[in-house]
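>>> Got a predicted model here, sequence first, then my questions.
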Amino acid sequence: MKLSIPEQIETERLRLFRLKYEEAEEIFYTYASKSEATKYMSWPTHETLEDTRTFLKHAINGWRAGTDYSFGIRIKEYNRFIGSCGLLNDDGKVQFGYVLSPTHWGRGYATEVCRKLMQIVRTLPEVYRVSTFVDAENIASTKVLLKSGLVEEARLEKWFKFVNQNSEPKDCFLFKLPL
């Protein structure tokens, strides 16, 4: 089932837009090749531009299929690319995530993006669950999720192997959006 997700979304300071092939270099150099940005991601740090192009093919096909709604994030004032966010749709059960360039951390952009995405998914009648998980050591993302209206649902011991952390099982927090 496809979701009624707009291809462009605006917040006070940011513009979110459906990812395009043409943004491969910006994605690669902004965050995808940066180990500090990808430390807590479920996907490996991109080593080549081809890795990023492969991701984009998956994201673009996923949008068409209604399973992956991946957005680029730009600062409106400068049109500067600073990261990505997305919603994974499993027939109405939605998981979401985000990643920003380390040069743009600590400015409230992640919270602004998450609040807007949560506002949108709350209006979709076909969505029955919204959740995400974070490494228990990722304090910054935990704070973002709480400020965005999510609640901690569980602490999961040795729950996920983050590929960029030697694939060791890590404790995680599971968060959900009260609907």
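Sure, I can see it. Numbers count the residues shown, from 1 in each chain.

>>> ok, now how distant is Y128 from V94?
9 Å (C-beta to C-beta, to the nearest Å). All C-beta atoms are positioned from the backbone trio N, CA, C, and that covers glycine.

>>> neighbour count winner among these two?
Neighbour tally, Y128 and V94, criterion other C-beta atoms under 10 Å: the higher count belongs to V94, 23 against 11.

>>> secondary structure class for that one?
strand (DSSP: H, G, I helix; E, B strand; the rest coil).

>>> what is it paired to in the beta sheet?
Beta-bridge partners recorded for V94 (DSSP bridges): N89, V130.

>>> and it, what does it touch?
Counting by C-beta atoms under 8 Å, 6 or more residues apart in numbering, V94 makes contact with L3, L87, L88, V121, V127, R129, V130, S131.

>>> Which of these are buried? Put it as a PyMOL command.
Here is the PyMOL command that selects the buried residues among those (16 or more other C-beta atoms under 10 Å):
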select buried, resi 3+87+121+127+130
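
>>> Kindly reformat the contacts of V94 as a markdown table containing distance to T38 and pLDDT.
A markdown table is the format used below for the contacts of V94 (distance: C-beta to C-beta, whole Å; pLDDT from 0 to 100):
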| residue | distance to T38 | pLDDT |
| --- | --- | --- |
| L3 | 26 | 94 |
| L87 | 19 | 97 |
| L88 | 17 | 96 |
| V121 | 25 | 96 |
| V127 | 27 | 97 |
| R129 | 26 | 97 |
| V130 | 23 | 97 |
| S131 | 21 | 97 |
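
>>> what's Y21 in contact with, if anything?
So Y21 contacts R53, L56, K57, I60 (C-beta under 8 Å, 6+ apart).

>>> ok, T48 to T54 distance?
Distance, T48 to T54, using C-beta to C-beta: 9 Å.

>>> okay, the two: which has more neighbours?
When neighbours are counted by other C-beta under 10 Å, T48 and T54 differ, and T54 comes out ahead with 13 against 10.

>>> so how far is W43 from the more buried one?
Noted for T54: a distance of 10 Å to W43, by C-beta to C-beta.

>>> for T132, same thing?
With C-beta to C-beta as the criterion, T132 and W43 are 15 Å apart.

>>> now the helices for this protein?
24-27, 35-38, 49-65, 109-122, 139-147 (DSSP state H).

>>> which one of these lies closest to S101?
Closest to S101 of the helices of the chain is helix 35-38 (C-beta to C-beta; 6.4 Å).

>>> for the helices of the chain, which one sits closest to G72?
Nearest of the helices of the chain to G72, taken as C-beta to C-beta: helix 24-27 at 7.3 Å.

>>> buried ones in that closest one?
So, applying 16+ other C-beta under 10 Å, buried residues of helix 24-27: A24, E26, I27.
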